[in-house]
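>>> sequence and predicted structure below; questions after.
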There are 2 protein chains.
Amino acid sequence: MTIEKALVVGTGLIGTSVALALREKDVVVYLSDVDARTAELARELGAGREWTGGEVDLAVIAVPPRLVGERLAELQKREVARAYTDVASVKAEPIADAERLGCDLAAYVPGHPLAGRERSGPAAARADLFSGRPWALCPGTGTDADAVRLVRELVSLCGASAVTVSPAEHDAAVALVSHAPHVVASAVAASLTGDGDVALTLAGQGLRDVTRIAAGNPLLWREILSGNALPVAEVLDRVANDLAAAASALRSGDLAGVTDLLWRGVDGHARIPAKR
Amino acid sequence: MTIEKALVVGTGLIGTSVALALREKDVVVYLSDVDARTAELARELGAGREWTGGEVDLAVIAVPPRLVGERLAELQKREVARAYTDVASVKAEPIADAERLGCDLAAYVPGHPLAGRERSGPAAARADLFSGRPWALCPGTGTDADAVRLVRELVSLCGASAVTVSPAEHDAAVALVSHAPHVVASAVAASLTGDGDVALTLAGQGLRDVTRIAAGNPLLWREILSGNALPVAEVLDRVANDLAAAASALRSGDLAGVTDLLWRGVDGHARIPAKR
């Protein structure tokens, strides 16, 4: 049992990158997108061929988080694939949608490749986008072993490393390492909008690094944050409290708490795994 | 009138880098540091020769911010140089110290090269550390034109671009583009200390970039923040308020304010000048 034919539904940055990675491994890839021009562009980039409804081994649902359940239900109704996965950056919400819509959860392995770019759309796609990156998988207790095997093969064909976590663990983790840091980067960047140009003249690489991800698409990020609201809010409250306490300590001239925050920052930074 | 001989007082990362840059332009450089081993290491790296008290054209005071006034007073008492500058990352405080200690402000051009590394000490120094970087200068109304000319020559010899600002403008600007972002990066990194390792497994380049500067030396940064406390506190309060509001909006399910913050972040990010 192996992936010979795959269907990618949604040919944005992630879907097209998955398709390109599979094409490099000679998998037959079919492409589908509600926007015909987007799908055509992906085909022109060599990501696969037009899907006319045939059956495949694996369907990869690469649509915005709140549409995953709906698409899964449609595809399963047509019995399109033996196994299904998605690539949404939140996991509890699509799984709850799939349950509510009566999907066959045994054939669905929720997934999330931890990779991205500031640019979006098929033109930004790259076959090596997932190379060396973690790829979270959230199979449930009732998931078929064969479905899990097929999706792990997908991860492997894309050059990524599977990390199995529960949906709640996943959502708390990405709130911590991705979603909340994005909002924080946006808040630092937003603080630059009010001031004169002289201040910006003095900007250096540190500011560029802290704010780089704030250039991301706000509409896409609104969706992501909306689908993971409570875990993100928890992290943001902790960061906001630390910053308000630091501001208050600076005003009072008692630097002990600020110095402690700086040391905790050194410790936390040291926990981030080095780039692979 | 040109820099033929310079004295660098304090042979840490910045002082030794200035010395190396001047040596590349064949300036005779003398080195001095309260720590004899640090000065010796800088000499071994080719940054200059031992200072035995002779006169120079320009003295570069590269010591921690709160020691600048004291060193300036000592050097001026001995009439060591025709002009003096410092490299401290805050400006109002050293200038106030210099005034209080009765320094000759006409010969002192406060300065701050906007460059640095996560590592400190002379071994981390590089002759090209300031290449293409801004270098803030804060001459007062009573500063000698010749002193300003000599310090501008220093900036030019180091390959940097002089930016003239008032001390208050400077301190507000670096609070915005450097000091507050550092504390924010520390707070994001500090949020990583409490959780399990699974979350960190999913970390990507975004988190690495946001937190990179949090690896900086807390003792050095405590000094910097202490010397620029109120401007930094103002920026931190604004960022903390934005983050607390975002957390509250996420909990309530009203994403309008969060989306606005993301858009402001895109606008603010676009204002940062591209790397030179």
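The structure has been received and is ready for your questions. Residues are numbered from 1 along each chain as shown, chains lettered A, B, ... in the order given.

>>> could you use CA atoms for every contact and neighbour count after this?
Fine.

>>> can you tell me the SS state at residue A:223?
Under DSSP: H, G, I helix; E, B strand; the rest coil, residue A:223 falls in the helix class.

>>> low-confidence regions, chain A specifically.
Judged by pLDDT under 70, chain A has its weakly predicted residues at A:1, A:195, A:276.

>>> contact partners for the residue nearest the centre of it?
When Cα atoms, centre = their mean is applied to chain A, the residue found nearest the centroid is residue A:89 (3.5 Å). Contacts here follow Cα atoms under 8 Å, 6 or more residues apart in numbering or on different chains; on that basis residue A:89 touches A:65, A:112-114, A:174, A:224.

>>> got it, and residue A:161?
Taking Cα under 8 Å, 6+ apart, we find residue A:161 in contact with A:132-135, A:155.

>>> so after whichever strand or helix holds residue A:37, what's the next helix or strand?
Following DSSP states H and E, one finds residue A:37 within helix A:36-44. For helix A:36-44, the following helix or strand on the C-terminal side (DSSP H and E) is strand A:49-50.

>>> paired strands for that following strand, with orientation please.
Using DSSP bridges, the strands paired with strand A:49-50 in its sheet are strand A:28-32 (parallel).

>>> just to revisit the earlier point, which positions within the helix holding residue A:37 qualify as buried?
Residues of helix A:36-44 classed as buried by neighbour count (16 or more other Cα atoms under 10 Å in any protein chain shown): A:38-43.

>>> hang on, the earlier thing: filter the contacts of residue A:161 down to the ones close to chain B.
A:133-135 (Cα under 8 Å from any Cα of the partner chain).

>>> quick one on the thing from earlier: three-state assignment of the residue nearest to the centre of chain A?
coil.

>>> check the spacing between it and chain B real quick.
Separation of residue A:89 from chain B (Cα to the nearest Cα, to the nearest Å): 11 Å.

>>> in the stretch 1-150 of chain A, what residue comes closest to chain B?
Chain B sits closest to residue A:134 of the stretch 1-150 of chain A, with a gap of 6.0 Å, by Cα to the nearest Cα.

>>> nearest residue to that residue other than its sequence neighbours?
residue A:161 (4.8 Å; Cα to Cα, 6 or more residues apart in numbering or on different chains).

>>> then residue A:140 would be within a helix, right?
No - assigned with three-state DSSP, residue A:140 falls outside any helix and is coil.

>>> ok, it - contacts?
A:109, A:166.

>>> swap in residue A:7?
Going by Cα under 8 Å, 6+ apart, residue A:7 touches A:29-32, A:51, A:56, A:58-60.

>>> ok, residue A:95 next?
So residue A:95 contacts A:69, A:110 (Cα under 8 Å, 6+ apart).

>>> on that earlier part again, now the angle from the helix holding residue A:37 to strand A:28-32?
Angle, helix A:36-44 to strand A:28-32, by axes from the mean of the first three to the mean of the last three Cα atoms, to 10 degrees: 160 degrees.

>>> which parts of the stretch 1-150 of chain A are helices?
For the stretch 1-150 of chain A, helices defined by DSSP state H, counting those that start in this stretch occupy the ranges A:13-24, A:36-44, A:68-77, A:92-100, A:145-157.

>>> let me have these in a markdown table, adding distance to residue A:213 as columns.
A markdown table is the format used below for the helices of the stretch 1-150 of chain A (distance: least, Cα to Cα, whole Å):
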| stretch | distance to residue A:213 |
| --- | --- |
| helix A:13-24 | 16 |
| helix A:36-44 | 24 |
| helix A:68-77 | 25 |
| helix A:92-100 | 24 |
| helix A:145-157 | 25 |
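
>>> neighbours of the closest residue in space to residue A:132 that isn't next to it in sequence, how many?
Distances taken as Cα to Cα, 6+ apart put residue A:160 closest to residue A:132, at 5.0 Å, once the chain neighbours are dropped. For residue A:160, the tally of surrounding residues (other Cα atoms under 10 Å in any protein chain shown) stands at 23.

>>> residue A:160 and residue B:148, how far apart?
For residue A:160, the distance to residue B:148 equals 57 Å [Cα to Cα, to the nearest Å].

>>> now residue A:266
The gap separating residue A:266 from residue B:148 is 39 Å, by Cα to Cα.

>>> residue A:38 too?
Counting by Cα to Cα, the gap from residue A:38 to residue B:148 is 59 Å.

>>> same check on residue A:60?
Taking Cα to Cα, one finds residue A:60 at 65 Å from residue B:148.

>>> much appreciated, bye for now.
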